[in-house]
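Colleague: Pasted the sequence and its predicted model underneath.
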Amino acid sequence: MTFDIITIFPSFFASVFEHGVFKRARAVGQLEIRVHDLRDFTDDRHRTVDDRPFGGGPGMVLKPEPLFLAVEDLNAGSGAKAFPVVLLSPQGRLFRQEVAEELAGHDRVAMICGRYEGVDERVAQALVTDEISIGDYVLAGGELAAAVVIESVARLLPGVLGNEESPRQESFSLPSGADLKPEAVAAIPGAPPGGRGLLDFPQYTRPPEYRGLTVPEVLLSGNHEEIRRWRRRESIAKTWRRRPELLQQVVLDQDDLEVLEDLQRGEPD
């Protein structure tokens, strides 16, 4: 999979992609990242990429000309094959796990890093195919957001994590259709079958005791069925405490409902 990043700060990414998931994904040949300097697509001696907003107001706005030229240059090297052009913007749809799954289904994605007061609206109208926001807050630019999105997608690519089951067992992973309520699937436009699942259960490793803090006995028992049930209970409990709205999307069996009843009564789960 290839990501093309259009930015006015290409040096920002000089070391980011040399670590962790990025490095592994590139090493196994599953990920290519190409960074393009937006200023290379200007034609004035100052390499101007922004200007004051029409109508007045603070800040500067990224001009349409260099952005159109940059994407057209990418298109020229892609043949006839279309690819998504994503604008990273606070006004975009919220980035969730199902969006990462969606992007992972493409061979190539271009990303425009917004900056200043944003980009000329004609870019959003006629150039980009999607706008994505990584949260309800504002950053100075889209570079950090681009790294977040790419890492989330890269770890879903075959062979990157080594264990193909790992991404399916994490918070917000896509459960099977049997685990998700039909109305939850319908509420996610364009999402693959599935949807956001429960939060992940607590994880422990050696030593079994540290500074008086101990690992739950069930995890040391070797009883795989009891461990599975404990993990399910803990996953439900964590979701109920932190993200209760997610429980509305998942099919719960009788054991799950009893766990919720205990939680609501304030009893230990």
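Modeller: Received it, and whenever you're ready, just let me know what you need.
Colleague: Where is the longest strand in this structure?
Modeller: Longest strand of the chain, by residue count under DSSP state E: strand 85-94.
Colleague: other SSEs contacting it?
Modeller: Here strand 85-94 touches strand 108-113, helix 121-126, strand 130-133, helix 143-154, going by 3 or more C-beta pairs under 8 Å, 6 or more residues apart in numbering; DSSP states H and E. (C-beta placed from N, C-alpha, C; glycine too.)
Colleague: run the last query once more with 7 Å
Modeller: strand 108-113, strand 130-133 (3 or more C-beta pairs under 7 Å, 6 or more residues apart in numbering; DSSP states H and E).
Colleague: Please identify the most buried of those.
Modeller: Neighbour counts (mean count of other C-beta atoms under 10 Å) averaged over each of the helices and strands packed on strand 85-94 peak at strand 108-113, with a mean of 24.
Colleague: Run me through the strand neighbours of it, direction for each.
Modeller: Next to strand 108-113 in the sheet, as set by DSSP bridges, lie strand 2-7 (parallel), strand 85-94 (parallel).
Colleague: buried sites along the longest one?
Modeller: Yep, that's strand 85-94 we're talking about. 85-90, 92 (16 or more other C-beta atoms under 10 Å).
Colleague: Also stretch 219-235?
Modeller: 219, 227, 230-235.
Colleague: quick one: which of those residues is nearest Leu31?
Modeller: Ser235 (30.0 Å; C-beta to C-beta).
Colleague: got the domain boundaries for the chain?
Modeller: 2-154, 173-265 (automatic domain parsing).
Colleague: Distance to Leu161 and mean pLDDT for these - can I get that in TSV?
Modeller: As requested, the domains of the chain are exported to TSV (distance: least, C-beta to C-beta, whole Å; pLDDT from 0 to 100):
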stretch	distance to Leu161	mean pLDDT
domain 2-154	8	95
domain 173-265	12	80
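Colleague: sorry, back to before: can you add distance to Val215 and give the helices and strands packed on strand 85-94 back as a markdown table?
Modeller: Below are these laid out as a markdown table (distance: least, C-beta to C-beta, whole Å):
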| stretch | distance to Val215 |
| --- | --- |
| strand 108-113 | 41 |
| strand 130-133 | 39 |
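Colleague: for the ones you listed, which one sits closest to Pro208?
Modeller: Proximity to Pro208 (C-beta to C-beta) singles out strand 130-133 among those, at 42.3 Å.
Colleague: and the domains of the chain, which is most packed in?
Modeller: Mean neighbour counts for the domains of the chain (mean count of other C-beta under 10 Å) peak at domain 2-154, with a mean of 17.
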